[in-house]
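Trainee: this is the structure alone, sequence omitted:
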Ligand code: G6P
């Protein structure tokens, strides 16, 4: 959701900016633009649509030439996607790019209109640009400080002042921004992916710190102008991790990266055969004392929380409530000091999840962030953070991040169950061993792609699909259904199989294919009964089950068989056919798999 890049150095700035923006494309956007100092003046180019549209516009009109500038991919919030609403915004004196939402932009706009300012766009961003112009005194830091005082909301800003043609200024509140530190060149970016090609070193900009970036220096100061000495961070992702590496799409690459991602995530957290989360600050003593657990997240991360709930409650006998973050933050939940609130987030920047974190902290509960992006807001502000090591996830539809989130939830469940005395050390070790075996089993499951391709070919013309399952299979089918919706644009719904006859079965006809997940041995017979019910109403049924299960043609049209493991761990294996089915259906439909319409990878606004 909105990407920002900025560059000062010797390279052709427009090329660096467009290349950087391409690496942020995954965040989701509908228009883009750049501003570059050309012969001392700020030259702006912007376009609705994809970056190729901006590139072809610049090919026709000539791209701005220069060595200092800012760029942006916009995901529309205020005003439709259009050339005019695209960033950069401003005038000849001050030009900005912005990620976030300015809450009091109407008041600011009215005030500025009163001062004689005119506005071209419908964006909140233009009001900040004009406010900066209004305050401009010749001193950028003083000007930015005055803006900070007046503006409410979230922002990461890249700013150019005409009088400083060799400098990019930046400031942030809530929305993320990093400063890339190169040799004779420096950068700003929404995350590390645009800078990896040039440098791995960066600063994390904190709230209302103002950065002054020149080709050979970066200075960070407070709004009062006091210089701040920052710690240099080093990215541990390499540039290849953010490339397709021969795969047709990032999503396919990321599905295939799951065994390695899980291994990298769990290996350091297993010691002498037991889960070991102490390093992150989560001790056995703490686990023993938590009364209840809340898991709060959005989208796929929330689905990982649902699997976690089943496993924790089953093993540790501790009550777990899973909430969608946008609901949690407004429902006045009954959180107490003895509770643990777990925030799951790939990006670590999701606005609603972050708001939930702040609320949980205010109420005195311990907060645990399960986060993929190092140094992200949720990671930094949680009391305890456990990083998942999935590497960069570029495809908007999350796959490997889901698997690593599940892996951490399992380790947590095992350790919690042991800490609470609900399982023996032997059982804890046995479960941990099975989890450690998952990557190998997953390599086997990844081999069933042709079968999934075939199933996808049967789904491609469907208008609507039903995913059904019971228990953990139901929790997983929610994720399967979301994956399909996100990238193939086929409507689907996931339903608890036993609940079908209370309403939804009325929708079942021969035109509504069903995907049933039946990996839980204690629920198998029950789920099969539900499968028979939908089959009897004409549905074409595809069943994902373990290899030991025999299901006749009269019961299901097609089977996808996966290796059998401990029931509790089956979601980690069954996720793969779900992901493949969504992927191949989208490919067959000719959809933009990695950047589905209207979606953003990182949702930094409410
Ligand atoms: C967006 C993404 C999803 C993701 C969700 C939560 O909707 O498209 O893939 O699951 O946000 O994101 P987070 O970064 O907090 O895991």
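Mentor: Sure thing, it's come through. None of the values given here were measured: they were computed from a predicted structure.
Trainee: can we go C-alpha only for contacts and neighbour counts from here?
Mentor: OK.
Trainee: give me the below-cutoff pLDDT ranges for the stretch 451-600 of the chain.
Mentor: When residues are selected by pLDDT under 70, none of them lie in the stretch 451-600 of the chain.
Trainee: which residues of the stretch 351-500 of the chain fall in strands?
Mentor: Along the stretch 351-500 of the chain, the segments classed as strands by DSSP state E, counting those that start in this stretch run 366-371, 384-387, 464-469, 491-496.
Trainee: so is the shortest one next to the ligand?
Mentor: No. With CA under 6 Å from any ligand atom as the threshold, strand 384-387 lies outside contact range of the ligand, at a closest distance of 12.4 Å.
Trainee: give me the contacts around that strand.
Mentor: Applying CA atoms under 8 Å, 6 or more residues apart in numbering, the contact partners of strand 384-387 are 265, 280-282, 366-374, 379.
Trainee: any of those buried? List them.
Mentor: 265, 282, 366-374, 379 (16 or more other CA atoms under 10 Å).
Trainee: dump those residues to a markdown table, plus distance to residue 435.
Mentor: Listed next are these as a markdown table, based on distance: CA to CA, whole Å:
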| residue | distance to residue 435 |
| --- | --- |
| 265 | 11 |
| 282 | 20 |
| 366 | 26 |
| 367 | 25 |
| 368 | 21 |
| 369 | 21 |
| 370 | 18 |
| 371 | 20 |
| 372 | 19 |
| 373 | 23 |
| 374 | 24 |
| 379 | 25 |
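Trainee: determine which two of those are furthest apart.
Mentor: 265 and 366 (22.6 Å; CA to CA).
Trainee: returning to what we had before: farthest pair in the contacts of strand 384-387?
Mentor: 265 and 366 (22.6 Å).
Trainee: quick revisit: nearest to residue 22 among the buried ones among the contacts of strand 384-387?
Mentor: Closest to residue 22, out of all of these and judged by CA to CA, is residue 373, at 18.9 Å.
Trainee: the closest one and residue 348 touch, don't they?
Mentor: Yes. In this structure residue 373 lies within contact range of residue 348 using CA atoms under 8 Å: 6.1 Å.
Trainee: between those two, which contacts overlap?
Mentor: With CA under 8 Å, 6+ apart, residue 373 and residue 348 have common neighbours residue 379.
Trainee: residue 278: how many residues sit nearby?
Mentor: Per other CA atoms under 10 Å, the neighbour tally for residue 278 reads 12.
Trainee: so how far is residue 414 from it?
Mentor: 14 Å (CA to CA, to the nearest Å).
Trainee: kindly report the same for residue 539.
Mentor: 39 Å.
Trainee: those two - which one has more neighbours?
Mentor: residue 414 (27 against 23).
Trainee: for that one, what are its contacts?
Mentor: 275, 312, 315-316, 428, 431-432.
Trainee: take the residues you listed and keep only those in helices.
Mentor: Using DSSP state H, the subset of these located in helices is 312, 315-316, 428, 431-432.
Trainee: now for whatever residue of the stretch 501-606 of the chain ends up closest to the ligand: which residues touch it?
Mentor: Residue nearest to the ligand within the stretch 501-606 of the chain (CA to the nearest ligand atom): residue 601, separated by 4.1 Å. Residue 601 is in contact with 1, 26-28, 394-397, counting by CA under 8 Å, 6+ apart.
Trainee: cutoff 7 Å now
Mentor: Applying CA atoms under 7 Å, 6 or more residues apart in numbering to residue 601 gives the contacts 1, 26-28, 396.
Trainee: again with residue 424
Mentor: residue 418.
Trainee: next: residue 281.
Mentor: Residue 281 sits next to residue 384 when contact means CA under 7 Å, 6+ apart.
Trainee: tell me how far it lies from residue 421.
Mentor: 20 Å.
Trainee: and what of residue 192?
Mentor: As judged by CA to CA, residue 192 and residue 421 stand 42 Å apart.
Trainee: and if you look at residue 42?
Mentor: 66 Å.
Trainee: now swap in residue 145 and tell me
Mentor: 55 Å.
Trainee: which one's more surrounded, these two?
Mentor: When neighbours are counted by other CA under 10 Å, residue 145 and residue 421 differ, and residue 145 comes out ahead with 20 against 14.
Trainee: that one touches residue 222, doesn't it?
Mentor: No. Applying CA atoms under 7 Å as the test, residue 145 and residue 222 come out as separate, 8.6 Å apart.
Trainee: just the contacts of strand 384-387 that are near the ligand?
Mentor: Of the contacts of strand 384-387, not one also sits near the ligand (CA under 6 Å from any ligand atom).
Trainee: list the residues that contact the nearest residue to residue 383 once chain neighbours are set aside.
Mentor: Leaving aside its sequence neighbours, residue 383 sits nearest to residue 367 (CA to CA, 6 or more residues apart in numbering; 5.2 Å). By CA under 7 Å, 6+ apart, the residues touching residue 367 are 340-342, 357, 360-361, 382-384.
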